[in-house]
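*Asks:* Could you work out the structure for the sequence below:
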Amino acid sequence: MTLPVSSERVLVVDDEPDIVALVAYHLAKAGYRVSTAASGHDALGLARQDRPSLVVLDLMLPGLSGFDVLEQLRADEQTRDVAVLMLTARRDEPDRIRGLSLGADDYLTKPFSPQELVLRVGAILRRVGAAGHTSHDSLTIGPIRIERGAHRVSVDDTAVELTPTEFKLLLTLAERRGRVQARGHLLETVWEAAPDIQTRTVDMHIQRLRTKLGPAGDLIETVRGFGYRLRAGHPRHP
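*Replies:* Below you'll find the predicted structure:
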């Protein structure tokens, strides 16, 4: 198996030593550089110091919760673009929804397969890499301008801050504007996931993307029973 480039650093945050050791072992075996933290405060400090490419973040942390950590990561200019894979309890759907709405890129439920976690980490980092490639072409749809190479989005010339996953989702819709994109297809394209799982992930990211785009978010239409479509035009006005 070809190992990923070792410049990719992953920060693993969990207060259970056995889980941290298991995850760190498999990530290191796959070729990543791994840092670990057992608390939210330590995680934020390491994230600012080491600037990891991705954080594997348990939501149920003592003191400063994983939700608090995620919110602070997204609010800090130094760490807002760090990808986040959150770990949550199997049956706590509200936790998954809240985490996705705060800007997590993906989630895994406990108990999980370490091999699947490594695959998810790789998929997320490929999205981040694709979002930052060197092509300088751009797309303009109504008031929305997407600069592929610079990983920039603006609405009416005002910059909009998006996570790598939000950027890839918007770019996918923009490149196929006017055509309905099924949730399963978006999962395969953006998240590299099987098309029959985690459709709520798509819905939450669409909701967050619409909010960030403001009135221009109206260009993203819900096609009931199928998925989403980006209209090629201007947002509707009330």
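*Asks:* list the buried ones in the lowest-mean-pLDDT helix or strand in the chain?
*Replies:* Each helix and strand of the chain was given a mean pLDDT (mean pLDDT, DSSP states H and E); the minimum falls on helix 93-101 at a mean of 80. The neighbour-count check on helix 93-101 (16 or more other CB atoms under 10 Å) flags 95-100 as buried. No exception for glycine: its C-beta is placed from N, CA and C like everyone else's.
*Asks:* For the following helix or strand past that helix, which helices and strands make contact with it?
*Replies:* The first helix or strand that comes after helix 93-101 along the chain, using DSSP states H and E, is strand 106-110. Under the contact criterion of 3 or more CB pairs under 8 Å, 6 or more residues apart in numbering; DSSP states H and E, strand 106-110 touches strand 83-89, helix 93-101, helix 114-131.
*Asks:* Pipe these into a markdown table and attach distance to L57 per row.
*Replies:* Shown next, in a markdown table, are the helices and strands packed on strand 106-110 (distance: least, CB to CB, whole Å):
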| stretch | distance to L57 |
| --- | --- |
| strand 83-89 | 5 |
| helix 93-101 | 8 |
| helix 114-131 | 12 |
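*Asks:* How about the backbone phi and psi for the residue minimising distance to the centre of the chain?
*Replies:* Centroid check for the chain by CA atoms, centre = their mean gives D105 as the closest residue, at 2.0 Å. Per-residue torsions, D105: phi -80, psi -30 (degrees, to the nearest 10).
*Asks:* so where does the nearest residue to it once chain neighbours are set aside fall, helix or strand?
*Replies:* Closest residue to D105 apart from its sequence neighbours, by CB to CB, 6 or more residues apart in numbering: T165 at 4.3 Å. Element membership for T165 (DSSP H and E) is helix 164-175.
*Asks:* Can you give me the neighbour number for the residue lying closest to L170 once chain neighbours are set aside?
*Replies:* Nearest residue to L170, sequence neighbours excluded (CB to CB, 6+ apart): L209, at 6.0 Å. Counted with other CB atoms under 10 Å, the neighbours of L209 add up to 22.
*Asks:* start at 12 instead
*Replies:* With 12 as the first residue, the last one maps to L220.
*Asks:* Let's see the pLDDT reported for L220.
*Replies:* Turning to L220, the model gives it a pLDDT of 94.
*Asks:* Count residues in the vicinity of E127, would you?
*Replies:* Neighbours of E127 (other CB under 10 Å): 11.
*Asks:* Which stretches in this protein count as strands?
*Replies:* 20-24, 44-48, 65-69, 94-100, 117-121, 149-152, 155-158, 163-166, 169-171, 192-193, 231-234, 238-241 (DSSP state E).
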